[in-house]
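Asker: here are the coordinates; sequence isn't available:
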Ligand code: NAP
């Protein structure tokens with residue numbers, strides 16, 4: 001066990017983004033003593049850190065918001081179809097004020113370790129502020145995309161000018177006027193920021209390793225009549241979204257793209273493109289993420305739009321994704337991204353043709369030229385899903401570090417818990433739909449499930465709950481099986497951990513859909529937490545070894561067959 005704990009708590013929550021905020025609210029309502037630790041200086045999580053120009057949501061504002069409080073959703077007014085980062089952060093602040101959350105959030109504090117003590121069945125949680133507390137439960141509400149990834153390029157620290165990562169943007173903003181700017185990375189963050197940086201910079205050079213599929217956001221001010229109508233039916237709308245595949249209403253027809261009449265198919269793809277919706281094109285036919293031939297039809301459609309927009313055919317071709325199926329990396333929503341490459345002051349460097357050799361004090365040296373720059377922007381993404389969890393030194397039963405347990409990839413039961421780590425929960429962890437869904441829907445579902453579970457344990461007088469190895473093995477197998485039925489594992493995506501050198505290649509999120517997943521989680525709870533073992537407070541020591549199942553035992557029947 002670590003240093004002597006200063007305080008005894010029911011729950012420590014790590015992170016005060018939308019997960020940690022709602023968790024705190026629920027835990028407080030239910031009478032659990034709770035301390036939230038947050039590395040940032042205020043609430044908002046991803047929306048606190050990602051302040052780069054153009055940062056905005058790619059799920060519609062009226063869906064990307066809490067549903068747990070009908071008054072809140074009626075009183076809050078979103079101004080645009082897709083909210084900007086400042087507006088989402090203002091919303092997070094409004095919620096924190098309204099629910100008076102800050103009293104139990106300690107800001108500017110990073111949790112460094114969490115060590116489980118078997119003798120007391122409690123976690124000893126330490127922070128970088130020198131504090132250690134004791135808690136019965138720890139909930140990792142750390143977000144999926146919060147550990148930034150720098151470009152692993154030689155000389156990255158030698159650049160003479162300022163460098164900025166999109167995921168750690170300065171609060172005061174950056175003025176690029178008159179500057180020669182380089183942006184490395186063309187994922188969602190790069191694609192959102194590039195058009196705005198181009199408008200300000202003297203010259204912008206975009207270093208692209210993998211072209212992405214992006215669709216126009218068609219963002220616009222929200223129409224008052226639409227808002228009135230949505231607010232009138234908000235409850236029903238939210239309920240339907242919770243049971244849908246991705247947490248927003250989406251009708252995916254069963255018709256197959258490969259069987260459709262070509263003209264009709266083209267028209268339907270166009271309609272999807274014009275919808276300004278993340279799933280606009282992918283929702284058009286039922287086989288796009290399952291059949292490579294169908295996917296190629298959609299991919300080629302998007303490439304056709306890029307050719308329509310970009311004047312220089314060579315640049316259009318370089319911007320056209322050809323090394324992964326459409327939708328297997330998260331598609332992007334943009335405002336003027338492809339058209340930005342028609343500007344005189346923008347140059348695209350295709351790193352497949354001329355890779356970066358090194359970053360020098362003066363700029364970026366590729367295999368065929370040196371690009372002189374005043375400023376470098378790294379839009380190079382995140383060590384996704386596992387990075388923020390493993391950033392904390394978590395040690396479970398028998399002194400086992402989580403980093404060791406997950407060395408070949410994350411292993412969880414339902415993305416909520418992991419065997420050997422009693423009373424530790426993850427919100428939207430690997431093995432749950434999380435990043436493949438409207439995060440707000442998935443966050444609320446996990447918070448409700450976890451807090452209901454804590455209440456059930458309290459009522460039963462149980463001191464610990466822990467996923468069994470068998471249940472976890474069954475779930476991991478199921479997650480892999482479902483992913484392998486799709487084209488998703490084919491891309492070198494951050495879903496696969498492929499963007500971080502040396503990270504195990506495992507498809508991390510659960511593709512089964514949030515509706516089905518919600519039912520599975522509910523069934524587990526109804527069956528008195530099937531696949532978990534709980535221990536009564538008094539019987540703790542002896543009962544533990546007695547009721548732990550042997551590794552490889554049969555998993556919970558209800559989960560494997562889906
Ligand atoms: P990302 O999708 O991982 O994109 C990172 C980009 O940097 C990729 O183009 C990657 O190329 C490139 N890159 C990484 N290391 C590099 C290196 N050493 N040299 C050259 N290029 C390098 O990260 P992101 O754009 O920050 O987005 C991450 C996720 O956050 C998104 O998929 C989305 O889920 C979420 N997000 C959402 C929004 C929104 O709601 N609107 C906005 C931003 C982000 P490779 O593809 O070749 O690895």
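Answerer: Nice, I can see it. Source: prediction; values computed, not measured.
Asker: who does the lengthiest helix in the chain touch, helix- and strand-wise?
Answerer: Longest helix in the chain by number of residues (criterion: DSSP state H): helix 439-460. The criterion is 3 or more Cβ pairs under 8 Å, 6 or more residues apart in numbering; DSSP states H and E, and the helices and strands that helix 439-460 contacts are helix 18-29, helix 234-242, strand 424-426, strand 462-467, helix 514-526, strand 532-536. To be clear about C-beta, it is placed using only N, CA and C from the backbone, and glycine gets the same treatment.
Asker: list the buried residues in the shortest one.
Answerer: Okay, so that is strand 424-426. Neighbour-count burial for strand 424-426, counted by 16 or more other Cβ atoms under 10 Å, picks out 424-426.
Asker: residues contacting that strand, please?
Answerer: Residues from elsewhere that reach strand 424-426, judged by Cβ atoms under 8 Å, 6 or more residues apart in numbering: 114, 116, 123, 137-140, 389, 394, 396, 412, 415-418, 446, 450, 453.
Asker: thinking again about what came up before, just the buried residues of the longest helix of the chain, please?
Answerer: Neighbour counts using 16+ other Cβ under 10 Å place 439-451, 453-454, 457 of helix 439-460 among the buried residues.
Asker: count the residues that sit near residue 67.
Answerer: Residue 67 has 18 neighbouring residues, counting by other Cβ atoms under 10 Å.
Asker: in contact with it, which residues are there?
Answerer: Applying Cβ under 8 Å, 6+ apart to residue 67 gives the contacts 73, 234, 238, 242, 440-441, 444.
Asker: hmm, try it at 7 Å
Answerer: 73, 238, 444 (Cβ atoms under 7 Å, 6 or more residues apart in numbering).
Asker: which residue comes closest to the first one once chain neighbours are left out?
Answerer: Put plainly, it is residue 73. With sequence-adjacent residues excluded and distances taken as Cβ to Cβ, 6 or more residues apart in numbering, residue 73 is closest to residue 234, at 5.5 Å.
Asker: check the second one too.
Answerer: Of all residues beyond its chain neighbours, the one nearest residue 238 is residue 67 (4.2 Å), with distances taken as Cβ to Cβ, 6+ apart.
Asker: sec struct for that neighbour, please.
Answerer: Classification of residue 67 using DSSP: H, G, I helix; E, B strand; the rest coil returns coil.
Asker: now it. Its backbone dihedrals?
Answerer: The phi/psi pair for residue 67 (degrees, to the nearest 10) reads phi -110, psi 0.
Asker: any figure for the gap between it and the ligand?
Answerer: 18 Å (Cβ to the nearest ligand atom, to the nearest Å).
Asker: pLDDT value on that residue, please?
Answerer: Looking at residue 67, its pLDDT is 98.
Asker: narrow the contacts of strand 424-426 to those that are buried.
Answerer: Among those, those buried by neighbour count (16+ other Cβ under 10 Å) are 114, 116, 123, 137-140, 389, 394, 396, 412, 415-418, 446, 450, 453.
Asker: among these, which are in helices?
Answerer: 389, 446, 450, 453.
Asker: which residue, other than its chain neighbours, is closest to the first one?
Answerer: In other words, residue 389. Leaving aside its chain neighbours, residue 389 sits nearest to residue 140 (5.3 Å; criterion: Cβ to Cβ, 6+ apart).
Asker: didn't that neighbour look like it was pressed against residue 12?
Answerer: No. With contact defined as Cβ atoms under 7 Å, residue 140 does not count as touching residue 12 (9.6 Å).
Asker: ok so, going back, so which of the buried residues of helix 439-460 comes closest to the ligand?
Answerer: Closest approach between these and the ligand, by Cβ to the nearest ligand atom: residue 439, at 8.9 Å.
Asker: confidence score at that closest one?
Answerer: 98.
Asker: ok, and the closest non-adjacent residue to residue 503?
Answerer: residue 497 (3.9 Å).
Asker: can you give me the pLDDT of the one you found?
Answerer: At residue 497, pLDDT is 96.
Asker: tell me where the stretch 51-200 of the chain has strands.
Answerer: For the stretch 51-200 of the chain, the strands defined by DSSP state E, counting those that start in this stretch cover 105-106, 111-117, 122-127, 132-140, 163-165, 180-184.
Asker: for these, which one sits closest to the ligand?
Answerer: strand 180-184 (5.0 Å).
Asker: how many other residues sit next to the residue in the stretch 351-500 of the chain that the ligand sits nearest to?
Answerer: At 2.5 Å from the ligand, residue 381 is the closest residue in the stretch 351-500 of the chain, using Cβ to the nearest ligand atom. Neighbour count of residue 381, defined by other Cβ under 10 Å: 23.
Asker: so it makes contact with residue 494?
Answerer: Yes. In this structure, residue 381 is within contact of residue 494 by Cβ under 7 Å, at 6.0 Å.
Asker: and the nearest residue to residue 494 once chain neighbours are set aside, what does it touch?
Answerer: Nearest residue to residue 494, sequence neighbours excluded (Cβ to Cβ, 6+ apart): residue 384, at 4.3 Å. Residues counted as contacts of residue 384 (Cβ under 7 Å, 6+ apart) are 144-145, 494.
Asker: SS state for residue 384?
Answerer: Using three-state DSSP, the secondary structure recorded for residue 384 is coil.
Asker: roughly how far does it sit from residue 529?
Answerer: Using Cβ to Cβ, to the nearest Å, residue 384 is found at 28 Å from residue 529.
Asker: ditto for residue 310
Answerer: Distance, residue 310 to residue 529, by Cβ to Cβ: 54 Å.
Asker: likewise residue 423?
Answerer: Look at residue 423 and residue 529: by Cβ to Cβ, they are 13 Å apart.
Asker: kindly report the same for residue 191.
Answerer: Relative to residue 529, residue 191 is positioned 42 Å away (Cβ to Cβ).
Asker: next one: residue 381
Answerer: 36 Å.
Asker: sorry, back to before: the longest helix of the chain to strand 132-140, inter-axis angle?
Answerer: 120 degrees (axes from the mean of the first three to the mean of the last three Cα atoms, to 10 degrees).
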